[in-house]
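Visitor: Give me a model of this one.
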Amino acid sequence: MVTTNEVKAWVLDFLVNMADIPSADIPNGDIEFANLNVDSLTLLEMLGEIECEYGIQIPRDFTLKNITIDGMVDYIIELLPAGKSEGRYDAMLAAEQGAIN
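Guide: The predicted structure is shown next:
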């Protein structure tokens, strides 16, 4: 089962390592994405990576305007099917096992 803390850690890791935002600029999850000065292309990349990582489809009308990190994490958790814990690695492993059987 994917936890809120796991999703939040993934988002924070992306923001620090891929969007080059210093971790000191993200003191907690109440900060709005708009206040992080992340460009829209990077945010779209992050949403695509989230879809791949968690096997979900984020609606194209979803916007990060006026949403906090915690708000987005909660939204991702809501999109996960009940009992969902499959990430990218698990999906690849399941596909390989299916091809073997």
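Visitor: Report the central residue of the chain.
Guide: With distances taken as Cα atoms, centre = their mean, the residue of the chain nearest its centroid is Ile50 (3.9 Å).
Visitor: now that one, nearest residue through space, not along the chain?
Guide: Ile76 (6.2 Å; Cβ to Cβ, 6 or more residues apart in numbering). Placement of C-beta: from N, CA and C, glycine included.
Visitor: so how far is Asn28 from the one you found?
Guide: 18 Å (Cβ to Cβ, to the nearest Å).
Visitor: Looking at the two now, which is surrounded by more residues?
Guide: Ile76 (22 against 8; other Cβ atoms under 10 Å).
Visitor: what's the distance between Asp74 and Asp39?
Guide: Between Asp74 and Asp39 the distance is 24 Å, computed by Cβ to Cβ.
Visitor: just so I have it, where are all the helices in the chain?
Guide: Remark: helices assigned in the chain by DSSP state H are 4-17, 40-54, 69-79, 88-100.
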